[in-house]
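**Q** structure here, sequence nowhere to be found:
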Ligand SMILES: [Ca+2]
């Protein structure tokens, strides 16, 4: 972000603010307050929408829980490789005991900051870990919403401040592998261990159940916990998970790379026109004309239909424009045209990743990928992504997976230990997500099903729910999930496995509601009654 201009920086700030809202939102299980097209702290166009009423937390597991020691006394607690920097009641909120701890891993000299919030009374007997967005591991404010619901909660910076990926390169110009590991998986685990220990010290009893709740990078962090530290959580909520990270980082610059290579930066209103046209062409395929493509994988719209038409102020769409748009939807390929990864789904805003700006128009590389190429791949902070040729792109793709797949890929389908502990995993993803395509999540889910003995076996501990028309972690034209955290708690503590997740989208007057069905089922209109009422839909194998 050091090359960012002022406007872009403001957009990043707006996205960060939206993420803060998002974290609170997801914690409350109120998808409708999600951020529209919000980046994992990066894309423009993020804005918080609406306001959700505060949600009551789950029923306390301990009646009238009382601390056995003062908040301040937690500062004297001895934890391995950990320094308690501060422990005090929040001066602005006497209901929260805030603890800041620093963990290090000798001899690395790294510094993982951990923020823990513990209710000063009426603790509900549970712990909740919270996640971050983009390269940001999390924020101190992430604990506020869960603490307000009675949870003890934790968050961490995963070893570095800020949202840039530049921490991967040390001051000596070499890769800082401890910082990379802290960000990849160690930080969240340390936060979990420390958070639980502090909670137990304050109340004299360990949390009965622990949950993780995150979206985007938070979703990745949740799945990493299930894969690598299955003992940490009883229930994990992973929204729009940024798994397959090394592929995702390279995929995110694919559209810009195509525009750059073909010398054809496609203007934003042309990209928007393509999305609008795809929605118009495929909206009714699901039986309900509502501005949402329920299953983008069945949409085969070809942008050649747009050639010669006018796209707002951007002029007439050309054959070359249609070729670029088709490649963005198709996704990254090798030089020989063979498959590397999934493209943007039809119905998702294409400008979040492949924006062109300026006069003359110039494709803008997605900022996380610009960081990725500079600090993680080329180890050259001056690297200019626009010098990348197709053969370099293919080589960087391979390097990305080879070098970082194990530490941050988060795509290991073996969840045997997680399953055998009786823990539960809820994953949801918006099908119009403009930053992380749901296809990557579906791909992972299918690999889990294959590894773990089939769909039925898998559904005992992991369920995937897709949200048609929903953007990144919320927003968009489709109803976003609500109450998913409550559903997870009911599954973990009472064995009530969710068949559907309720979803709602606030509009003029009555909100539009829909059931989100367990993948691969889809919500099919029964044929009568309001298409804005979830009661008129049922889960089906097809439309
Ligand atoms: Ca539709």
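**A** Here it is on my side, so go on. What you see is a predicted model, and the numbers here were worked out from it, not measured in a lab.
**Q** pull the number of nearby residues for residue 376.
**A** 24 (other CB atoms under 10 Å). Glycine gets a C-beta too; all of them are placed from N, C-alpha and C.
**Q** residues touching it, list them.
**A** 165, 168, 169, 175, 180, 249, 400, 403, 404 (CB atoms under 8 Å, 6 or more residues apart in numbering).
**Q** apply 7 Å and report the result again.
**A** Residues near residue 376 by CB atoms under 7 Å, 6 or more residues apart in numbering: 165, 168, 404.
**Q** mind checking how far stretch 114-134 is from the chain centre?
**A** Between the centre of stretch 114-134 and the centre of its chain there are 19 Å (CA atoms, centre = their mean, to the nearest Å).
**Q** which positions within that stretch qualify as buried?
**A** 114-120, 123-134 (16 or more other CB atoms under 10 Å).
**Q** and stretch 366-386, average pLDDT?
**A** Averaging pLDDT along stretch 366-386 yields 98.
**Q** hey, which helix or strand in this protein has the poorest pLDDT?
**A** Lowest on mean pLDDT, DSSP states H and E among the helices and strands of the chain sits helix 6-28, with a mean of 40.
**Q** and the gap between residue 331 and residue 250?
**A** Applying CB to CB, to the nearest Å, the value for residue 331 to residue 250 is 11 Å.
**Q** the more surrounded of those two?
**A** Higher neighbour count among residue 331 and residue 250: residue 250, with 25 against 18, using other CB under 10 Å.
**Q** mind listing what that one touches?
**A** With CB under 7 Å, 6+ apart, residue 250 has these contacts: 332, 396, 397, 400.
**Q** that one in helix, strand or coil?
**A** Secondary structure, DSSP: H, G, I helix; E, B strand; the rest coil: residue 250 is helix.
**Q** for the contacts of residue 250, which one is nearest residue 235?
**A** residue 400 (31.4 Å; CB to CB).
**Q** in contact with that closest one: list those residues for me.
**A** 246, 249, 250, 377.
**Q** most surrounded residue in the contacts of residue 376?
**A** Most neighbours among the contacts of residue 376, by other CB under 10 Å: residue 165, with 24 neighbours.
**Q** where's residue 180, which helix or strand?
**A** In the assignment (DSSP states H and E), residue 180 maps to helix 177-181.
**Q** contacts for that helix?
**A** Identification of contacts with helix 177-181 by CB under 7 Å, 6+ apart yields 105, 108, 110, 159, 160, 167, 168, 407.
**Q** any idea how far the first one lies from residue 238?
**A** Distance from residue 105 to residue 238, counting by CB to CB: 26 Å.
**Q** ok, residue 508 next?
**A** From residue 508 across to residue 238, the span is 32 Å (CB to CB).
**Q** ok, now how distant is residue 538 from residue 426?
**A** Distance, residue 538 to residue 426, by CB to CB: 21 Å.
**Q** can you name the residue of the stretch 101-250 of the chain nearest the ion?
**A** For the stretch 101-250 of the chain and the ion, the shortest gap (CB to the ion) falls at residue 240, measuring 20.8 Å.
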